[in-house]
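Asks: For reference, the sequence and a predicted model appear below.
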Amino acid sequence: MDIIEILRQDYQKFPLDQTYSIYAEDVYFQDPMNKFRGIQRYQQMIGFIRTWFIHPQLDLHEISRKGDAIETRWRLSWNTPLPWKPRISISGWSELKLNSDGLIVSHIDYWNCSRLDVLKQHLFPPSTP
């Protein structure tokens, strides 16, 4: 199975049963909240999402590969474990870089909103008609 198909499947079952073998041991990860290196830290971050987020869902909208670069466009949503359980939604894209062995050595996430926008979703949930 090629890496694009593995990523498609991982998005569908996120955050459960992720295929960590497609990542290099010293993978670099960055998003607007985190920046670190290492597969163990990456696994811990996914574990945090699995443990603390309620009903996390990662919808893959688009995936493409050009040489050693893969780009995905997605929406991550979840309920936060606050008494009112707000549904949070972040859309964005990821840039993945592959090494010569075909392993992901860099995974950088970009959000289409600010960290403040995410905080506001927790405090001011959208009203329903």
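Replies: Here it is on my side, so go on.
Asks: Next, count neighbours for residue 31.
Replies: Applying other CB atoms under 10 Å, we find 16 residues neighbouring residue 31. In short, each C-beta sits where N, CA and C put it, glycine included.
Asks: Show me where the chain dips below the pLDDT cut-off.
Replies: Applying pLDDT under 70 to the chain flags the ranges 126-129.
Asks: measure stretch 16-34 end to end?
Replies: Here the two ends of stretch 16-34 are set 20 Å apart, with distance taken as CA to CA, to the nearest Å.
Asks: Now do the buried residues in that stretch.
Replies: Residues of stretch 16-34 classed as buried by neighbour count (16 or more other CB atoms under 10 Å): 18, 22-24, 27-29, 31.
Asks: Also stretch 41-54?
Replies: Buried-residue list, stretch 41-54, by 16+ other CB under 10 Å: 42, 45-46, 53.
Asks: now, among the residues you listed, which is nearest to residue 66?
Replies: Using CB to CB, residue 42 is the member of those that lies nearest residue 66, at 23.3 Å.
Asks: sec struct for the closest one, please.
Replies: helix (DSSP: H, G, I helix; E, B strand; the rest coil).
Asks: So which of the buried residues of stretch 41-54 sit within strands?
Replies: Using DSSP state E, no member of the buried residues of stretch 41-54 falls within strands.
Asks: which among these gets closest to residue 94?
Replies: Nearest to residue 94 among the buried residues of stretch 41-54: residue 42, at 12.7 Å, using CB to CB.
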